[in-house]
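In: Here is my input; please provide its structure:
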Amino acid sequence: MRRLLQPLWFLLALIFLIEAWLWDHLQPVVARLVAWIPLRAIKLWIADKVERLSPPLTLIVFLVPVVLLFPLKIVGLWLLAHHYWFSAMAVVVFAKLAGVGVTAFVFDVTRPKLLRMAWFRWLYEVVLMVRARAHALVAPIMARIRELAARLRARQSSRWLRMIQRLRRRAQSAR
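Out: Below you'll find the model as predicted:
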C-alpha cells in the first residue's frame with residue numbers, strides 16, 4: 001500500500017513546492033511593483049492599521065485577498081464550463097498569481113501580529129516543516145531528472161558535433 005501511495009505523496013509534494021516557489025518568486029515581483037506604483041504608501045498605511053489591530057483581526061486582514069479573488073476563480077470555472085478554454089486558463093492563472101502575490105504582500109505586513117497567536121505560529125512552523133520534507137522527497141527525483149537531461153544534452157550535442165565534423169570534412173574534401 002505504501003508503494004502505491006508514493007506517487008501521490010510525490011505529486012502532493014511537487015504541488016506544494018510549486019506553490020512555495022510561486023510564493024518565493026512573486027514576493028520580489030510584488031516588492032518591485034510596490035516600488036514602481038505608489039503602493040509603498042498603501043503598504044505603510046496597511047502596516048499602521050494592522051499595528052492597531054489585535055492578532056485575530058489581523059487574521060481577517062490576511063484572509064481578505066482570498067475572499068476578494070474567489071469570485072475571479074468562479075468566473076474562471078464558469079468560462080471553463082462554457083468551453084472558453086483560453087480565457088478560462090488566463091483568468092485562473094491570473095487569479096492564482098495575483099492571489100499569491102497579494103497574499104505574500106499582505107503576509108509580509110501581518111506576519112509579526114499573526115505569529116503572536118500560538119496556533120498560527122504552530123501552523124506556520126508545520127508548513128515550513130512540510131516544505132522541508134517536500135524538498136527532501138522531491139530532491140532525489142529532480143536530481144535524477146537533471147542528470148538524465150544533462151546526459152541527453154551531451155548525447156545530442158555530440159551528435160551535432162559529429163554531424164558538423166562530417167560536414168566540415170566533406171567541405172574540405174570537395175576543395
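In: I'd like to know how many residues surround V100.
Out: Other residues near V100 number 23, with proximity taken as other Cβ atoms under 10 Å. (Each C-beta comes from the backbone N, C-alpha and C, glycine too.)
In: Which helix or strand contains it?
Out: helix 85-114 (DSSP states H and E).
In: next one: I42
Out: Using DSSP H and E, the element containing I42 is helix 39-52.
In: what about the protein, any weak spots by pLDDT?
Out: Residue ranges of the chain with pLDDT under 70: 1-5, 23, 26-27, 30-31, 33-35, 37-40, 156-157, 175.
In: let's see 80
Out: Applying pLDDT under 80 to the chain picks out residues 1-43, 46, 96-98, 100-102, 104-105, 137-138, 149, 152-165, 171, 174-175.
In: And the helices in it, which stretches?
Out: With DSSP state H as the criterion, the chain has helices at 2-36, 39-52, 55-81, 85-114, 118-174.
In: Now do the buried residues in the third one.
Out: Yep, that's helix 55-81 we're talking about. Across helix 55-81, burial judged by 16 or more other Cβ atoms under 10 Å covers P55, T58, V61, F62, P65, L69, K73, G76, L79.
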